[in-house]
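>>> Quick check, what structure comes out for this input:
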Amino acid sequence: MIILNGKKLIVTLVVGLILYRFRYRLLNEVLKREAIQKRAVQWGMSIPFIRHRLVPTLFLQKHK
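Numbers count the residues shown, from 1 in each chain. Model prediction:
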């Protein structure tokens with residue numbers, strides 16, 4: 001267990017709040033990189049629960 005002193009605790013909380021507040025901007029900046037996008041999709045598709053939920057909806061075509 002990690003015990004932080006006063007200054008480190010405050011800095012950790014502030015950084016955590018900033019990361020939380022701007023999480024979607026940060027995620028968009030990271031996922032702009034094609035290599036990281038590919039790795040994220042590969043990782044997601046390697047999880048059976050996600051793959052079984054996503055794949056049927058990806059290839060489902062609704063005809064009008």
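
>>> Grab the longest helix from the chain for me.
helix 6-21 (DSSP state H).

>>> mean confidence score for it?
The average pLDDT within helix 6-21 is 91.

>>> and the helix or strand just after it, how far out from the chain's middle?
As assigned by DSSP states H and E, the chain's next helix or strand after helix 6-21 is helix 23-31. Taking Cα atoms, centre = their mean, to the nearest Å, one finds helix 23-31 lying 8 Å from the centre of the chain it belongs to.

>>> Just the residues contacting helix 23-31, thanks.
With contact meaning Cβ atoms under 8 Å, 6 or more residues apart in numbering, helix 23-31 is reached by Leu19, Ile36, Gln37, Ala40. For every residue, glycine as well, the C-beta is placed using N, CA and C.

>>> got the angle between the longest helix of the chain and helix 23-31?
80 degrees (axes from the mean of the first three to the mean of the last three Cα atoms, to 10 degrees).

>>> picking that back up, scan the contacts of helix 23-31 and report the most crowded one.
Ala40 (14 neighbours; other Cβ atoms under 10 Å).

>>> Spell out which residues sit in contact with Ile50, please.
Gly44.

>>> Specify the local secondary structure of it.
Classification of Ile50 by DSSP: H, G, I helix; E, B strand; the rest coil places it in helix.
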